[in-house]
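> got a sequence here, can you build the structure:
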Amino acid sequence: MKRNFGLSLLLVLCLGLLGGLGMVHAGEGVKGSAKADKLDACVAPTAFMRRNHFELIKHQRHITVHEGIRKTDHSLAGCVDCHVRKDAQGSHVPVNTPGEFCAGCHQFTGTTLDCFTCHATKPTGN
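Down below sits the predicted model:
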């Protein structure tokens, strides 16, 4: 019976490791690899952006969807393009991956991150 338990445990561990291959894990993005890491300022001061970014995104959504104006001052795609990091292989790590830019703050504040049910989590043009 002990031998079967040991084999079962080994099998479960191996399957768990295989299941994780190719997946991005928390904090996998290489520090300093985002465009934002090289900048002194965002589109507004950091303290303002931390408190009000969702208002800018809602405003941008309104003028884009309801008025048909596509300015990029506060576009979600611009945020993603600037704040997405790359992994050790140079591929973009989705901003909503646990431990990455968007997900990290949203988890810390206990807020829902639902932008990416529709929007891209990494740049689409690169």
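> show me where the protein has its helices.
Using DSSP state H, the helices of the chain run over residues 2-19, 46-65, 76-83, 101-109.
> so for stretch 65-79, mean pLDDT?
On average, the pLDDT along stretch 65-79 is 83.
> ok, residue 86 touching residue 31?
No: counting by CB atoms under 8 Å, residue 86 stays clear of residue 31, with 10.4 Å between them. To be clear about C-beta, it is placed using only N, CA and C from the backbone, and glycine gets the same treatment.
> compare the two (neighbour count), which wins?
residue 86 (17 against 8; other CB atoms under 10 Å).
> so where's this structure uncertain?
Under the criterion of pLDDT under 70, the regions of the chain flagged as low confidence span 1-27, 126.
> check it and tell me which residue is nearest its centre.
Compute the mean C-alpha point of the chain, and by CA atoms, centre = their mean the closest residue is residue 95, 1.0 Å away.
> what sits against it?
With CB atoms under 8 Å, 6 or more residues apart in numbering as the criterion, the residues that contact residue 95 are 80, 83-84, 101-103, 116, 121-122.
> mind checking how far it is from residue 37?
Summarising the geometry, the distance separating residue 95 from residue 37, computed by CB to CB, to the nearest Å, is 13 Å.
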